[in-house]
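A.B. asks: sequence-free structure coming up:
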């Protein structure tokens, strides 16, 4: 839910998010992991920080289920990197501390 926006931007977001959920009903993160889960929210890939242009950018949206949004996505935003481990046992995100060059 967007709480920092007012007026027409908030109305635009409400309409856009409903439109997006109808066209993207499955969780993008679960699909990447080979699972099929109904999405419950529209997530911003990059945080918008109140920037209306980024908020309404279709290239910055993804559908997520509650589990992915409330755990995986929040962890990435809190830490600044994704903790997902690849099949080789190493983190996939180049921003993960073990992948950073010293």
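C.D. replies: Everything's here; your move. Values in this document were obtained by computation on a predicted structure and should not be read as measured data.
A.B. asks: ok, then the element right after the helix ranked longest in the chain?
C.D. replies: With secondary structure taken from DSSP state H, the chain has its longest helix at helix 7-23. Later in the chain than helix 7-23, the nearest helix or strand by DSSP states H and E is helix 28-32.
A.B. asks: ok, whichever helix or strand comes after that next one: who's next to it in the sheet?
C.D. replies: Next in sequence after helix 28-32, counting helices and strands by DSSP H and E, comes strand 41-44. With DSSP bridges as the test, strand 41-44 is paired with strand 61-64 (antiparallel).
A.B. asks: roughly how far out does the strand it pairs with sit from the chain middle?
C.D. replies: Taking C-alpha atoms, centre = their mean, to the nearest Å, the mean C-alpha location of strand 61-64 is offset from the chain mean by 5 Å.
A.B. asks: Same check on stretch 49-57?
C.D. replies: Taking C-alpha atoms, centre = their mean, the mean C-alpha location of stretch 49-57 is offset from the chain mean by 14 Å.
A.B. asks: hmm, which helix or strand of this structure has the shakiest average pLDDT?
C.D. replies: Ranked by mean pLDDT, DSSP states H and E, the weakest helix or strand in the chain is helix 74-79, scoring a mean of 79.
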